[in-house]
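below are the sequence and a predicted model; questions follow.
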Amino acid sequence: MSRTFQEAAIAGIGATEFSKESGRSELQLAAECAKAACDDAGIAPCDIDGMITFTLDNSDEITLARCLGVNDLAYTARIPGGGAAAVATIYQAMALVNAGLCKNVLIWRAMNERSQYRFGQNASGGSYTAGNGTGSLLWCVPFGAMTPGTWESLAAQRYMQVYGIRNEDFGRVSVVQRKYAASNPKAWFYNKPITLDDHQNAKWIVEPVLRLYDCCQESDGGQAILVTSLERARDLKQKPVHIVGACQSIPYNVEVISNYYHDADLALMPEAEGTAKRLYAQTGMKPEDMQVAMLYDAFTPQVFKQLEAFGFCKRGEARDFVADGNLELNGKLPVNTHGGLIGEAYIHGMNSIAEMVRQVRGTAVNQVAKVDYALCSSGMAGAILAKV
Amino acid sequence: MNPTAANDGDKPIRLAPIVTPDAKFFWDAADRSEFFGQKCGDCNRFRFPPRPMCPHCFSVKREEVALSGRGKIYTWIRPQHPPAYGFREPPIVAVIELEEGFRFVSNIEGIAFEQVTAGMPVEVMFADTMGKHKVPVFRPLGRGA
């Protein structure tokens, strides 16, 4: 393979079922979703030559490669930053293919994050290790901020102060995503929509920011994505999904989720603003070019902040943008059409990237009428995908 | 950790901090009921979280100095579920803007959650943790014992 610039594309997606108790090892989930992505693309698993996952993933790349019979692994990497960097996997895979270093890059994330351990519970017994992009264990835990919900809320409360936001404003994100999930058979909350009253009657997780339905699920499952060159993808099983651009942005003194130490107002999300700026500059595109978006929704306030950071509405206008129904299928910008991490499952943001691929292929259960371009953001990284 | 400690009214149940080499000065000071910050030994600028190199002039000379212990409440929350480990009642957790110009996560004590307002001036005090350590927490300025 010559090292000339090659456009990159997503050729395959594959997932296990999404559940609360998979009944099998995380490695098995990883192997199953990886095989499914290869089958979807029409690529033999032995031909995978690059592998990318999260620092937080418990499956070893060599062990997974061994399951898949990978013949000659040219490249492996792990992205730090948990879900915030989910889309950085696409960015890295794109860069590898662009550089002519890999032909078939497998991205996976597989976890028993409900049955085996729980991200939503108190982080009280852990030890600090590098590679996760957060100092939350060091500087928050002794003060009772011990969960991702509390870390998120310490910043989101400022957004509420600045724009006069109430919890029910965030709740409208949850209601629309549960509506999408209700018609998605793969979603944990299939056939289970909620009303804004249901949202407001649910218990507080963190006052005054998050009630139960503002939070994503804890899920078991695996999601894999296969990235190859656009040229090669044209000859494979599925319609190629072109990766027009992808990038990451970590501005000075920004950290993952316990993100209070940068110079900007905490009502803003400097990493998302940086990602948007870089992504639009890289692709020459603008928010109005997008027909659909997947915005990382571990918690509903993050959707508000990303809508603003990516320029889908102005600062402070996300409340009205959401309340006016713009996230729905007939709205200006359908968002998280699979139900998101709140409604479908929490596979650390990777299942939202798969939904993005389905929207561009035209195979989503909640299909947006005409999709030429789609944007996916995980807060600290973003990508634009296009129909070829 | 001893789960029965939560039933013992006298014993501190708050988790002790995880101490890394680069922040040891901070937690050592807290154990002495002192609130310290880190500034560059050459260009004198504060930085947080602590780190071995100045991001402005790249000096590894550093000064660990007493801070005023005063600041203003910037954001505040009350975790309800799951109940915060190490607290008998849901704590008020806040981001405080310190006089020295950086933000710090801590607790607000001695005031009801409903009474907290943005910009409220606060001052440092110290709370005991398990393992005979202390951490800096805050109370409304001028309401100290």
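Perfect, thanks for sending it.

from here on, just use CA atoms for contacts and neighbour counts.
Will do.

ok now stretch A:243-251, how far from the chain's centre?
Remark: stretch A:243-251 is offset 13 Å from the chain centroid, using Cα atoms, centre = their mean, to the nearest Å.

tell me where the longest strand sits in chain A.
Taking DSSP state E as the assignment, the strand of chain A that covers the most residues is strand A:220-229.

list the contacts of the residue located most distally from the centre of chain B.
Residue farthest from the centre of chain B, counting by Cα atoms, centre = their mean, is residue B:57 at 27.0 Å. Residues in contact with residue B:57 (Cα atoms under 8 Å, 6 or more residues apart in numbering or on different chains) are B:42, B:43.

which SSE is it in?
Secondary structure assignment for residue B:57, by DSSP states H and E: no helix or strand.

how much space between it and residue B:41?
The spacing between residue B:57 and residue B:41, counted by Cα to Cα, to the nearest Å, is 10 Å.

tell me where chain A has strands.
A:8-15, A:50-54, A:75-79, A:105-112, A:204-207, A:210-211, A:220-229, A:241-248, A:292-295, A:373-377, A:381-387.

which one of those strands lies closest to chain B?
strand A:204-207 (4.3 Å; Cα to the nearest Cα).

how about that closest one as PDB, C-alpha atoms only?
This file holds the C-alpha atoms of strand A:204-207, laid out as PDB (Å, rounded to 0.1, in the frame of the first residue of the first chain):
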ATOM      1  CA  TRP A 204     -33.500  14.100  41.600                       C
ATOM      2  CA  ILE A 205     -30.000  12.800  40.700                       C
ATOM      3  CA  VAL A 206     -28.300  16.100  41.300                       C
ATOM      4  CA  GLU A 207     -30.200  19.200  42.300                       C
END
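
quick check: residues of chain A near chain B?
Contact residues (Cα under 8 Å from any Cα of the partner chain) of chain A with chain B: A:121-122, A:124, A:127-128, A:137-146, A:150, A:153-155, A:157-158, A:204-209, A:260-261.

where does the chain dip in pLDDT?
No chain was given, so I picked chain A. Within chain A, the stretches with pLDDT under 70 are A:1-2, A:124-126.

you answered for a different chain; I wanted chain B.
Regions of chain B meeting the criterion pLDDT under 70 cover residues B:1-9, B:144-145.

what does it have sitting close to chain A?
With Cα under 8 Å from any Cα as the criterion, chain B meets chain A at residues B:14-19, B:48-49, B:74-82, B:84-87, B:91, B:93-95, B:102-107, B:135.

buried only: go through the residues you listed for me.
The neighbour count (16 or more other Cα atoms under 10 Å in any protein chain shown) marks B:14-18, B:49, B:74-82, B:84-87, B:91, B:93-95, B:102-107, B:135 as buried among these.

related to what we said a few turns ago, okay, the strands of chain A in JSON lines with distance to residue B:111 next?
Output for the strands of chain A, formatted as JSON lines (distance: least, Cα to Cα, whole Å):
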{"stretch": "strand A:8-15", "distance to residue B:111": "49"}
{"stretch": "strand A:50-54", "distance to residue B:111": "42"}
{"stretch": "strand A:75-79", "distance to residue B:111": "42"}
{"stretch": "strand A:105-112", "distance to residue B:111": "41"}
{"stretch": "strand A:204-207", "distance to residue B:111": "16"}
{"stretch": "strand A:210-211", "distance to residue B:111": "22"}
{"stretch": "strand A:220-229", "distance to residue B:111": "41"}
{"stretch": "strand A:241-248", "distance to residue B:111": "41"}
{"stretch": "strand A:292-295", "distance to residue B:111": "37"}
{"stretch": "strand A:373-377", "distance to residue B:111": "39"}
{"stretch": "strand A:381-387", "distance to residue B:111": "40"}
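
show me the one of those that comes nearest residue A:303.
Comparison of the strands of chain A against residue A:303 by Cα to Cα identifies strand A:292-295 as nearest, at 5.9 Å.

show residues contacting the closest one.
By Cα under 8 Å, 6+ apart, strand A:292-295 touches A:302-303, A:306-307, A:333-337, A:340, A:352-353, A:355-356, A:359, A:368, A:371, A:373-379.

same question for stretch A:208-216.
Stretch A:208-216 is contacted from outside by A:149, A:153, A:156-157, A:166-167, A:170-171, A:174, A:199-200, A:202-205, A:297-300, A:341-343, A:345-346, B:77-78, using Cα under 8 Å, 6+ apart.

picking up where we left off before, write the ChimeraX selection for whichever of the residues of chain A next to chain B are buried.
Typed into ChimeraX, the next command selects the buried ones out of the residues of chain A next to chain B (criterion: 16+ other Cα under 10 Å):
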select /A:121,122,124,137,138,139,140,141,142,143,144,145,146,150,153,154,155,157,158,204,205,206,207,208,209,260,261
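
OK, contacts around the nearest residue to residue A:249 once chain neighbours are set aside?
Sequence neighbours aside, residue A:275 is the residue nearest to residue A:249 in space, at 4.9 Å (criterion: Cα to Cα, 6 or more residues apart in numbering or on different chains). By Cα under 8 Å, 6+ apart, residue A:275 lies in contact with A:247, A:248, A:249, A:379, A:380, A:381, A:382.

now do residue A:10
Contact partners of residue A:10, counting by Cα under 8 Å, 6+ apart, are A:225, A:226, A:227, A:228, A:230, A:233, A:240, A:241, A:242, A:243, A:357.

do residue B:109 as well
With contacts defined as Cα under 8 Å, 6+ apart, residue B:109 is in contact with B:92, B:137, B:138, B:139, B:140.

ok, residue B:116 - how many residues close by?
Counted by other Cα atoms under 10 Å in any protein chain shown, the residues lying close to residue B:116 total 16.

quick check: it vs residue B:68, distance?
Residue B:116 is 21 Å from residue B:68, by Cα to Cα.

with residue A:107 instead?
49 Å.

which of these two has more residues huddled nearby?
Here residue A:107 and residue B:68 are set side by side on neighbour count (other Cα under 10 Å), and the busier one is residue A:107, at 28 against 15.

all the helices of chain B, residue numbers only.
Taking DSSP state H to define them, one finds helices in chain B at B:24-31.

show me the domain layout of chain B.
Domain assignment for chain B by automatic domain parsing gives B:18-66, B:68-145.

buried deepest among the ones you listed, which one?
Of all those, domain B:68-145 has the most neighbours on average by mean count of other Cα atoms under 10 Å in any protein chain shown, namely a mean of 19.

contacting residues around the nearest residue to residue B:69 once chain neighbours are set aside?
Of all residues not flanking residue B:69 in the chain, residue B:124 sits nearest, at 4.9 Å (Cα to Cα, 6+ apart). Residue B:124 is in contact with B:35, B:69, B:70, B:136, B:137, B:138, B:139, counting by Cα under 8 Å, 6+ apart.

now swap in residue B:38 and tell me
Neighbouring residues of residue B:38 by Cα under 8 Å, 6+ apart: B:46, B:47, B:48, B:50, B:62, B:63, B:64, B:65.

try 7 Å
Residues in contact with residue B:38 (Cα atoms under 7 Å, 6 or more residues apart in numbering or on different chains) are B:46, B:47, B:50, B:62, B:63, B:64, B:65.

partner residues bridging the fifth one?
So the one you mean is residue B:63. residue B:39 (DSSP bridges).

surely it meets residue B:40?
Yes. At 6.0 Å, residue B:63 and residue B:40 qualify as touching, with contact defined as Cα atoms under 7 Å.

chain B versus the most centrally placed residue in chain A, what's the distance?
Nearest to the geometric centre of chain A sits residue A:349, at 2.5 Å (Cα atoms, centre = their mean). Counting by Cα to the nearest Cα, to the nearest Å, the gap from residue A:349 to chain B is 23 Å.

for chain B, which segments are assigned as strands?
B:36-40, B:46-47, B:62-66, B:70-79, B:92-98, B:103-108, B:121-128, B:134-140.

okay, angle between the third one and helix B:24-31 too, please.
Same thing as strand B:62-66. Calculated by axes from the mean of the first three to the mean of the last three Cα atoms, to 10 degrees, strand B:62-66 forms an angle of 10 degrees with helix B:24-31.

only alpha carbons, please: show strand B:62-66 as PDB.
Listed next in PDB are the C-alpha coordinates belonging to strand B:62-66 (Å, rounded to 0.1, in the frame of the first residue of the first chain):
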ATOM      1  CA  ARG B  62       7.800  26.500  42.100                       C
ATOM      2  CA  GLU B  63       6.600  28.200  45.200                       C
ATOM      3  CA  GLU B  64       4.000  26.700  47.500                       C
ATOM      4  CA  VAL B  65       2.300  29.700  49.200                       C
ATOM      5  CA  ALA B  66      -0.600  30.300  51.600                       C
END
